[in-house]
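Q: sequence and computational prediction follow.
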Amino acid sequence: MRLIALAILCAPTVAPAQALPRLPEAIDLEPADGTVHVELTAAETGDPVFPYTYGDGIGPLIRLRRGDTLAVDLTNALPDPTTIHWHGVAVPEAMDGTTWRFDPVQPGETFRYTFAVEQPGTFWYHPHFDTARQVDGGLFGALIVDDPDAPTPDDALTLIFDRAMEGHDSPGGPAGHGALMAGWRINGAHTPLTHTARGGTVVRVRLINVSSVGYLDLRWPGIRLIAGDQGFLPALATPERIVLGPGDRAEVEWLVGDEGFTISDHPYSLNGGATWQDPVELLRVEVEDPAPAPAGLDWPFTGAAPTPDPPYSDIVYVFAGSDRTGRWFINGEQFPDVTVEAVAEGSRPVIEVRNQSPTEHPFHIHGNHFEVLSLDGEPPPHAMFEDTLNIPVHGRARLRLLADNPGDWMTHCHILPHAEDGMMTVLRVGEPTP
C-alpha cells in the first residue's frame with residue numbers, strides 16, 4: 001500500500017492546454033476607403049529565444065482588400081540594419097525589402113513601404129537582411145488580402161506556425177549544424193493548444209509556416225483545402241495531409257458539427273520527407289453547442305485547368321550542396337556572385353528546377369509567381385499557382401513563370417540558412433530599372 005500511495009503522490013500533473021490566441025491586428029492609422037496605413041517598429045525583446053519583435057509579441061496581422069493601397073512605416077529600433085519583404089506579394093522592386101540594388105533600413109531610421117495589392121490571398125512579411133537570424137528571432141507577421149467576391153464564413157482564423165532554434169551561437173541566430181528545433185508555436189503560443197468552435201458553423205482557416213527550417217505535415221479528419229499560395233484553387237481539394245515547407249501557405253475550411261477533432265503534425269525531415277517519430281498534437285478543436293455540420297461555402301474557385309508541359313526549358317536551375325559542408329549552390333554559384341538570368345516582361349518562360357542535393361528545398365521567387373507544370377514528370381492534380389514550392393531530394397519541377405512584374409527578383413531556397421549560405425540567385429524581368 002505504501003508503494004501505491006507514493007506512486008499516486010509522485011504522479012506528474014499534466015497542465016491543461018492553453019487556448020489558441022488570435023493574432024493581434026494592426027491599427028489603420030488613417031482609415032479611408034482604398035488605403036491602409038500601419039506603423040511597425042522592429043525592436044529587441046530581451047528574450048534569449050525570440051529576441052526580436054514587430055510589436056507586443058508576434059507581429060500584427062495586416063488586413064486589406066483586393067485593390068487597396070498599403071503604406072507601412074517601418075522604424076528600425078534594432079542595433080543592426082533590417083528590411084521588410086512581402087512574401088508572395090507582387091510589389092514594386094523598390095518595395096521588396098531586398099538589398100541586391102537597394103539599401104536596408106539603418107538603425108534609428110524610418111522607411112515607408114507603399115504599394116497597391118491586386119491579388120487576394122494569404123501572405124506574410126519578414127526581413128530580407130540577415131534573414132535567417134532575424135526571422136528565426138521573431139520578426140514575422142501575416143498579411144491578408146481579402147477577396148470582396150468571397151463568401152463570409154461564420155468565423156475566420158489565421159494560424160502562424162513557427163519554431164525556435166536551440167543551440168545557436170548567439171540568440172536568434174540561424175540554425176547551424178547541431179542546432180535543435182524546439183516545439184512548434186501557433187500565433188506565438190506553445191503547442192499543444194485548444195480552440196472552441198460553435199457547432200453548425202463554417203470556419204475559414206489560413207495556415208502559414210514561417211519557420212526558417214521546419215516542415216509541417218498537418219493531418220486531421222476531413223481536410224477541405226480551398227486555396228494555396230496565390231489564392232483560390234480551381235476546385236475544392238480533399239487531401240489526406242497538407243505539407244507546408246518553410247514560407248508556404250494554405251487555406252482550409254472547417255465544417256464544425258457535433259464532434260471535435262485534433263490537428264497533428266507528423267514529423268517531416270528536409271532530408272527526405274516523413275520520419276519514424278510519432279505524430280505530435282498541435283491543436284485540439286472542441287465544439288460548443290453541437291449541431292449538424294454545415295455544407296461548405298460557395299468559394300470563388302477559379303476553374304483553371306493545368307497548362308500542358310511543353311518539351312523545352314527556357315531556364316534551368318540546379319540546386320546542389322550538402323548539409324555536411326554548409327555550402328549551397330544554384331548552377332554552381334553562390335550568392336552574391338551569380339549570373340543574372342533575364343526574361344521579357346509579359347513572357348511565360350518555362351523554368352526547370354533540379355534538386356541534386358541530399359535535402360529538400362522550398363523554391364521561392366519574389367515579385368512574380370508561377371504555375372506548376374509537372375513534378376518529377378507528372379502533372380499536378382489541379383492547376384497550381386504558387387510562389388513557394390517544395391522540391392524533394394533529387395526531384396525535378398517544371399514551372400511556367402508569369403513574368404508580369406519588372407525588376408530584379410531574388411530567387412532562392414526558403415530554408416533560410418541555405419539561402420544565407422549561398423543558395424540564392426537573381427532573375428531579371430524586363431530591362432533593369434534605374
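A: On my side now, so go ahead.

Q: where do the helices sit along this protein?
A: Per DSSP state H, the chain carries helices over the ranges 2-10, 131-136, 416-420.

Q: longest strand of the chain, counting residues only.
A: Secondary structure of the chain per DSSP state E: the longest strand is strand 155-166.

Q: report the buried residues of that strand.
A: By neighbour count with 16 or more other Cβ atoms under 10 Å, strand 155-166 contains the buried residues 156-165. No exception for glycine: its C-beta is placed from N, CA and C like everyone else's.

Q: just the closest of those to G257, please.
A: G257 lies nearest to L157 out of those, by Cβ to Cβ, at 17.2 Å.

Q: can I assume that closest one is in contact with L61?
A: No: in this structure, L157 is not within contact of L61 by Cβ atoms under 8 Å, at 10.6 Å.

Q: quick revisit: from the chain's centre, how far out does the longest strand of the chain sit?
A: 10 Å (Cα atoms, centre = their mean, to the nearest Å).

Q: quick one: strands adjacent to that strand?
A: strand 180-186 (antiparallel), strand 201-209 (parallel) (DSSP bridges).

Q: looking at these, which has the lowest confidence?
A: Of all the strands paired with strand 155-166, strand 180-186 carries the lowest average pLDDT, namely a mean of 79.

Q: in that one, what's buried?
A: Buried, per 16+ other Cβ under 10 Å, within strand 180-186: 184-186.

Q: save those as a markdown table, and put in distance to D217 too.
A: As requested, those are arranged in a markdown table below (distance: Cβ to Cβ, whole Å):
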| residue | distance to D217 |
| --- | --- |
| W184 | 12 |
| R185 | 17 |
| I186 | 15 |
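
Q: you'd agree T83 is up against P127?
A: Yes: taking contacts as Cβ under 8 Å, T83 lies within contact range of P127: 5.4 Å.

Q: mind jotting down where the strands sit in the stretch 101-250 of the chain?
A: 110-116, 121-126, 141-146, 155-166, 180-186, 189-190, 193-198, 201-209, 216-219, 225-228, 231-237, 242-244, 249-256 (DSSP state E, counting those that start in this stretch).

Q: for stretch 329-348, list the C-alpha coordinates in CSV.
A: Output in CSV follows, covering the C-alpha atoms of stretch 329-348 (Å, rounded to 0.1, in the frame of the first residue of the first chain):
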residue,chain,number,x,y,z
PHE,A,329,24.7,26.4,-54.8
ILE,A,330,22.4,27.3,-57.7
ASN,A,331,24.0,26.3,-61.0
GLY,A,332,27.4,26.0,-59.2
GLU,A,333,27.3,29.6,-58.0
GLN,A,334,26.8,31.2,-54.5
PHE,A,335,25.1,34.5,-53.9
PRO,A,336,26.1,37.2,-54.5
ASP,A,337,28.5,36.0,-57.2
VAL,A,338,25.7,34.9,-59.5
THR,A,339,24.7,35.0,-63.2
VAL,A,340,21.5,37.1,-63.6
GLU,A,341,19.1,35.4,-66.0
ALA,A,342,16.7,37.7,-67.8
VAL,A,343,13.3,37.2,-69.3
ALA,A,344,11.0,39.7,-71.1
GLU,A,345,8.2,41.4,-69.2
GLY,A,346,4.9,39.7,-70.0
SER,A,347,6.6,36.5,-71.1
ARG,A,348,5.8,33.0,-69.9
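
Q: quick one: contacts for D162?
A: Shown in contact with D162 (Cβ atoms under 8 Å, 6 or more residues apart in numbering): 140, 184-185, 188, 210-211.

Q: what is the burial count for the closest residue to E386 other than its chain neighbours?
A: Distance criterion Cβ to Cβ, 6 or more residues apart in numbering; nearest residue to E386, sequence neighbours excluded, is D229 at 4.4 Å. Residues lying near D229 (other Cβ atoms under 10 Å) number 23.

Q: D229 contacts H87, correct?
A: No: contact criterion Cβ under 8 Å: D229 and H87 do not qualify, at 9.3 Å.

Q: which residue packs closest to the residue nearest the centre of the chain, ignoring adjacent ones?
A: Centroid check for the chain by Cα atoms, centre = their mean gives G247 as the closest residue, at 2.9 Å. Counting by Cβ to Cβ, 6+ apart, G247 lies nearest to H414, which is 3.8 Å off, once chain neighbours are set aside.

Q: hang on, that neighbour packs against L244?
A: No: under the criterion of Cβ under 8 Å, H414 makes no contact with L244, lying 10.9 Å away.

Q: more crowded one of the two?
A: Between H414 and L244, H414 has the larger neighbour count (other Cβ under 10 Å), namely 26 against 23.

Q: which stretches of the stretch 101-250 of the chain have low pLDDT?
A: 165-181 (pLDDT under 70).

Q: rerun at 90
A: 163-183 (pLDDT under 90).

Q: T83 and P127: which has the busier surroundings?
A: Taking other Cβ under 10 Å, T83 and P127 do not tie; P127 has more neighbours (28 against 25).

Q: quick check: closest non-adjacent residue to that one.
A: Q134 (4.2 Å).

Q: could you check how many residues crowd around the one you found?
A: Other residues close to Q134 by other Cβ under 10 Å number 27.

Q: how much space separates it from T45?
A: Distance, Q134 to T45, by Cβ to Cβ, to the nearest Å: 12 Å.

Q: name the residues contacting each of those two.
A: Common neighbours of Q134 and T45 (Cβ under 8 Å, 6+ apart) are Y52.

Q: does N390 really touch G245, like I thought?
A: Yes: counting by Cβ under 8 Å, N390 touches G245, with 4.1 Å between them.

Q: give me the common contacts of the two.
A: 215, 360, 362.

Q: of these, buried ones?
A: 215, 360, 362.

Q: wait, the second one touches G245, no?
A: Yes: using Cβ under 8 Å, E360 and G245 qualify as a contacting pair, with a distance of 7.0 Å.

Q: give me the common contacts of the two.
A: Residues touching both E360 and G245 (Cβ under 8 Å, 6+ apart) are 215, 390.

Q: quick check: closest non-adjacent residue to A197.
A: V256 (4.5 Å).

Q: ditto for R400
A: Using Cβ to Cβ, 6+ apart and skipping residues adjacent in sequence, the residue nearest R400 is E371, 4.4 Å away.

Q: kindly report the same for L282.
A: T191 (4.6 Å).
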